[in-house]
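*Asks:* take this sequence and fold it.
(chains A and B)
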Amino acid sequence: MTTRTLAVVSAGLSTPSSTRLLADRLTAATVEALRARGDDATVEVVELRGHARELADHLVTGFPAGGLRSALDTVAGADALIAVTPVFAASYSGLFKTFFDVLDADALAGTPVLLGATAGSARHSLVLEHAMRPLFAHLRAVAVPTAVFAASEDWAGGDGGTLTPRIERAAGELADLVSGRRSAGDGGAPRRSDPFADVVPFDQLLRGQ
Amino acid sequence: MQFGIFTVSDITPDPTTGRTPSEAERIQAVVAIAKKAEEVGLDVFALGEHHNPPFFSSSPTTTLAYIAAQTQTLQLSTATTLITTNDPVKIAEDYAMLQHLAGGRVDLMMGRGNTGPVYPWFGKDIRDGLPLAVENYALLRRLWDTEVVDWTGKYRTPLQGFTSTPRPLEGVAPFVWHGSIRSPQIAEQAAFYGDGFFANHIFWPPEHTAKMVEFYRGRYAHHGHGSADQAIVGLGGQVFMRRNSQDAVNEFRPYFDEAPVYGHGPSLEEFSSETPLTVGSPQQVIERTLGFRDYVGDYQRQLFLVDHAGLPLKTVLEQLDLLGEEVVPVLRKEFAALKPAHVPDAPTHAARVAARRAAQARTETPEGASTR
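*Replies:* Prediction:
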């Protein structure tokens, strides 16, 4: 049995937060789906609200301070990511985007990701496909085909109670991508770009001078 | 070990009064700061080069020559000289000239600059940043080290039988440091030539500086200039002091909060714990600075930034008094006591001339002839 690290990023702001609630449902379903495939899972939740000031500071100073550093490391080192944001002004929230703005550009390359979003009405649901999916394509993450949107009515069991089946389908897709892979902590290729590894020896640069 | 100050030559409003000094005032202030640095017993004054407001220092050799004429012992340097956009022929000439006038008190620090738009102002393309730094510096070295230069490159017109004048003072080119905040490629360049490496050490956490210096030291040894702990390392640093540490914090806070580089972000306390910034008593500055050695090893030059973010001249001069009277004498003694004998001192022109003469004497010894 391989133990997989599952990072969960939630950009919900209120307490309790429906974004966090969706993240928790997706997480529980993914852990279960992994178990069904013979893998164990360690879950690391990053609540972005707790890093709001550190994220603004990072924009100004160019480096992550305190807890933000370990949050970024957690996401970069995970075998899979569940990323959930509330919809703000037709897109992911600024807080959510800032986290992925300051994350190392290669940190999610090849990482399986499950996308989720919440809003008051289902009219915002295409944010998943029109905003979130391109962001993770840019980060070269592997987003699973099913992304999960939850509107207020879904929590009331509206729309014929389709939320739970969608969650289970998405979790199954994520588990399929994760199980059978080499674990990031188990000799998998480091995804973080190492600026010191890219240095060209100077004699080589001078060739032809 | 050498101690000194470096200035980026920013003209910034004083946030406590809202007043912006004129260029004329700020230029005279920097001259006064340099002279004060010598007066209080510091070793080095380094001046930045920028070609856009809010900075004034477009012509560092003019300013440094003026300061050289009014000082006796102060080592004059740059922070940094733009190796990408300046013509290497002009750098070779200007700094060789300055070295003659200053009687051997000049070295310089190369940098790639921090402003993209500067490239087209000097007819260059920012996409060529790295190859420009490589080619220009290779040519600069040849112009200083070789009397008659035939040269063809990509970024300037070829040279045929060209001799840059004046020739380096006593045949020894000014020592060169390479300054960098984040680029390991610059550390590699410094290591390749056996030049000094100066880590900015102001904006980012110490772990970053430690990695850069460790990399430079390893590459210095790789390129055959000596052991890793013999590589020539300089560090920046940023301090604000009052005898009572709470007074220092209270006085510096508005300057910190509004500072162009990190203002409106982390608190003074957070930034002080994350970076080497030290705001407090002279004793606190001494302890923090001695701690730098723990993560970069024995090093040769420590420069402090003291005159930025709109701090008034009077305050800056008071900072220099504290540095010269209370901080640097202790640092000098403590660092010297810790340094092993095989770790070199900071390079000076006199020492480099002596080393060259000794090397020449060795190759001209009669034993070589008698064995024939």
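
*Asks:* which parts of the stretch 101-250 of chain B sit against chain A?
*Replies:* B:130-131, B:134-135, B:138, B:153, B:182-185, B:187-189, B:191-193, B:203-205, B:208, B:211, B:215, B:223 (CB under 8 Å from any CB of the partner chain). Using the backbone N, CA and C atoms, a C-beta is placed for each residue, glycine as well.

*Asks:* let's see which of those residues end up in helices.
*Replies:* Using DSSP state H, the subset of these located in helices is B:130-131, B:134-135, B:138, B:184-185, B:187-189, B:191-193, B:208, B:211, B:215.

*Asks:* okay, strands next: where are they in chain B?
*Replies:* In chain B, the strands defined using DSSP state E lie at B:2-7, B:44-47, B:75-78, B:81-82, B:107-111, B:149-151, B:159-162, B:175-180, B:196-199, B:233-235, B:239-241, B:278-280, B:301-304.

*Asks:* mean neighbour count and distance to B:Lys339 added to the ones you listed, as TSV?
*Replies:* Converted to TSV, the strands of chain B look like this (neighbours: other CB atoms under 10 Å in any protein chain shown; distance: least, CB to CB, whole Å):
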stretch	mean neighbour count	distance to B:Lys339
strand B:2-7	24	13
strand B:44-47	27	18
strand B:75-78	27	19
strand B:81-82	25	28
strand B:107-111	27	20
strand B:149-151	16	38
strand B:159-162	13	42
strand B:175-180	25	19
strand B:196-199	28	16
strand B:233-235	27	12
strand B:239-241	25	22
strand B:278-280	22	22
strand B:301-304	26	13
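
*Asks:* and the residues of the stretch 101-250 of chain B next to chain A, which are buried?
*Replies:* B:130-131, B:134-135, B:138, B:153, B:183-185, B:187-189, B:191-193, B:203-205, B:208, B:211, B:215, B:223 (16 or more other CB atoms under 10 Å in any protein chain shown).

*Asks:* of the strands of chain B, which is nearest B:Val316?
*Replies:* strand B:2-7 (9.0 Å; CB to CB).

*Asks:* give me the sheet partners of that closest one and which way each runs.
*Replies:* Using DSSP bridges, strand B:2-7 pairs in its sheet with strand B:44-47 (parallel), strand B:301-304 (parallel).

*Asks:* pLDDT of it, averaged?
*Replies:* If you average the pLDDT over strand B:2-7, you get 98.

*Asks:* ok, the ones in helices among the residues of the stretch 101-250 of chain B next to chain A vs chain A, which is closest?
*Replies:* B:Phe192 (3.5 Å; CB to the nearest CB).

*Asks:* excluding covalently adjacent residues, which one is nearest to the closest one?
*Replies:* Distances taken as CB to CB, 6 or more residues apart in numbering or on different chains put A:Phe202 closest to B:Phe192, at 3.5 Å, once the chain neighbours are dropped.

*Asks:* dig out what A:Arg4 forms beta bridges with.
*Replies:* A:Ala41.

*Asks:* how near is it to A:Asp39?
*Replies:* 5 Å (CB to CB, to the nearest Å).

*Asks:* and for B:Thr12?
*Replies:* In terms of CB to CB, B:Thr12 sits 56 Å off from A:Asp39.

*Asks:* same question, B:Asp107
*Replies:* 59 Å.

*Asks:* quick one: buried residues of stretch A:46-56?
*Replies:* Neighbour-count burial for stretch A:46-56 [16+ other CB under 10 Å]: A:Val46, A:Glu47, A:Leu48, A:His51, A:Ala52, A:Glu54, A:Leu55.

*Asks:* mind listing which of the residues you listed are in helices?
*Replies:* A:Ala52, A:Glu54, A:Leu55.

*Asks:* got those residues as CSV, with distance to A:Pro195 and pLDDT columns?
*Replies:* CSV is the format used below for these (distance: CB to CB, whole Å; pLDDT from 0 to 100):
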residue, distance to A:Pro195, pLDDT
A:Ala52, 28, 97
A:Glu54, 22, 96
A:Leu55, 22, 98
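
*Asks:* how about JSON lines for the residues you listed, with distance to chain B added?
*Replies:* Formatted as JSON lines, those follow (distance: CB to the nearest CB, whole Å):
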{"residue": "A:Ala52", "distance to chain B": "13"}
{"residue": "A:Glu54", "distance to chain B": "8"}
{"residue": "A:Leu55", "distance to chain B": "11"}
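
*Asks:* and which of the residues you listed is nearest to B:Glu334?
*Replies:* A:Glu54 (35.0 Å).

*Asks:* ok, and the closest non-adjacent residue to that closest one?
*Replies:* Leaving out its chain neighbours, the residue that sits closest to A:Glu54 by CB to CB, 6+ apart is A:Leu68, at 3.9 Å.

*Asks:* now the helix or strand that neighbour falls within: buried residues?
*Replies:* According to DSSP states H and E, A:Leu68 maps onto helix A:66-77. By neighbour count with 16+ other CB under 10 Å, helix A:66-77 contains the buried residues A:Leu68, A:Arg69, A:Ala71, A:Leu72, A:Asp73, A:Thr74, A:Val75, A:Ala76, A:Gly77.

*Asks:* next SSE downstream of it?
*Replies:* strand A:80-88.

*Asks:* show me which residues of chain A sit near chain B.
*Replies:* A:56-57, A:59-63, A:65-66, A:195-196, A:198-203, A:205-206, A:209.

*Asks:* any of these buried? List them.
*Replies:* Buried among the residues of chain A next to chain B by 16+ other CB under 10 Å: A:Asp57, A:Thr61, A:Phe63, A:Ala65, A:Val199, A:Phe202, A:Leu205.

*Asks:* contacts for the helix or strand harbouring A:Ala28?
*Replies:* Taking DSSP H and E as the criterion, A:Ala28 maps to helix A:18-36. The contact list for helix A:18-36 (CB atoms under 8 Å, 6 or more residues apart in numbering or on different chains) reads A:4, A:6, A:8-13, A:40-41, A:43, A:45, A:47, A:80, A:82, A:84-86, A:114, A:116-118, A:148, A:150, A:152, A:155, A:163, A:167-168, A:170-172, A:174-175, A:178-179.
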